[in-house]
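> Sequence and predicted structure, then a few things I'm wondering about:
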Amino acid sequence: MSLNIRDVANGFDDYRQWANDPTPRIGMGLEFFDGPTRGGIAKAECAMILAYSSVGKTSLALNWIVNNPQTPTIFFSLEMSWRLVVARLAAINTGTPTWELEDLVKRHGGNPPQLSATAYRYPHLLGVDSSELGMKDMKQAVLEGSQKLGRQIRLVVIDYMELVGGAGLLGKSEQIDRVAVKIRALAKDTDTSVVVLHQVGKGDGSDGYLPLSLDAGKYGGHHPMDYVIGAYAPRLDRKLGKDERERIKEEMFLQLLKNRSGMAAPTGVRHRLSPFTGKLSEWSATPSYTSLVGYQATLDTPARPEPELVDF
């Protein structure tokens with residue numbers, strides 16, 4: 001193996017090229033993260049989204065992608081099929097719930113405008129939904145994906161850490177920590193920004209309705225990360241009555257638990273997560289289910305019951 005030995009001048013050449021990149025960092029599109037990190041996650045950096053099941057980890061990752069439509073991205077979906085991932089992407093992008101998209105496909109011969117508009121808006125998004133992918137497989141997919149797009153992949157999303165390499169990694173903390181180190185190596189070796197989803201262990205996050213700490217991650221995994229984002233949703237408190245749960249059903253609190261670019265912000269910041277479309281927005285923003293590209297969700301359909309709140 002040939003070692004990549006470089007001098008200082010060569011390092012500065014690389015630094016100048018990075019600094020002059022029109023998108024040296026990839027933001028979430030949310031001030032709570034983009035502000036303290038001075039624009040988001042840079043090349044060769046890793047961010048972890050830490051949350052209990054059903055809070056909305058996948059929604060967070062998909063909203064990150066939605067807010068960066070021109071960024072060459074590859075999404076490793078180790079649990080969910082790619083067709084369901086793109087359906088949720090279309091729901092966020094067009095403001096149309098997935099159950100309505102399904103009905104529209106049946107009524108419009110398989111090609112409603114919401115799907116074609118989403119495909120048009122995200123031409124640089126690739127997906128891999130093979131189960132039990134290892135890190136070598138992912139690195140190869142990043143290289144092949146870059147060749148397919150004719151542009152270097154910039155953003156890698158892994159959903160989720162416990163499934164990397166198969167269910168055998170669900171056991172010991174040393175295994176999860178080892179995967180986290182390899183994810184860091186993937187970001188560095190491919191010069192990409194990597195976002196990985198990580199499950200909170202049962203009992204560590206009070207079922208997802210209370211703030212998290214760095215130690216809440218199931219079997220660890222946060223040490224090699226540049227950024228750790230915690231998420232919790234008060235609606236998951238089982239002691240709440242139906243009316244109270246309905247009142248706060250859109251609330252999601254996001255925490256910046258670790259920030260190597262500056263100060264952390266462990267106190268949760270309230271955001272709005274639509275239970276209909278999975279769209280994430282600042283809480284101060286006017287709530288709306290209107291599409292970014294002009295489609296209106298028909299949320300008043302009387303024949304369809306309100307959906308259960310699930311992990312988008």
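Looks like it arrived, so ask away.

> how about the helices in the stretch 1-150 of the chain?
8-19, 31-34, 57-66, 82-94, 98-107, 113-121, 135-149 (DSSP state H, counting those that start in this stretch).

> residue boundaries of the helices in the stretch 201-312 of the chain?
Going by DSSP H, counting those that start in this stretch, the stretch 201-312 of the chain shows helices at 242-247.

> low-scoring stretches of it, by residue?
Residues of the stretch 201-312 of the chain meeting the criterion pLDDT under 70: 201-206, 217-219, 285-312.

> Just put the helices of the stretch 1-150 of the chain in a markdown table and tack on mean neighbour count and mean pLDDT.
Every residue, glycine included, has its C-beta placed from N, CA and C. Shown next, in a markdown table, are the helices of the stretch 1-150 of the chain (neighbours: other Cβ atoms under 10 Å; pLDDT from 0 to 100):
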| stretch | mean neighbour count | mean pLDDT |
| --- | --- | --- |
| helix 8-19 | 10 | 84 |
| helix 31-34 | 18 | 93 |
| helix 57-66 | 24 | 95 |
| helix 82-94 | 21 | 95 |
| helix 98-107 | 15 | 89 |
| helix 113-121 | 17 | 92 |
| helix 135-149 | 17 | 94 |
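
> As JSON lines, those helices with distance to Arg178 would be great.
Listed next are these as JSON lines, based on distance: least, Cβ to Cβ, whole Å:
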{"stretch": "helix 8-19", "distance to Arg178": "28"}
{"stretch": "helix 31-34", "distance to Arg178": "27"}
{"stretch": "helix 57-66", "distance to Arg178": "21"}
{"stretch": "helix 82-94", "distance to Arg178": "27"}
{"stretch": "helix 98-107", "distance to Arg178": "36"}
{"stretch": "helix 113-121", "distance to Arg178": "36"}
{"stretch": "helix 135-149", "distance to Arg178": "10"}
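
> quick one, which of those is nearest to Glu45?
helix 8-19 (11.5 Å; Cβ to Cβ).

> what's in contact with that closest one?
Pro24, Ala42, Lys43 (Cβ atoms under 8 Å, 6 or more residues apart in numbering).

> Let's see which of those end up in strands.
The strands, defined by DSSP state E, take in Ala42 from the contacts of helix 8-19.

> Noted, bye for now.
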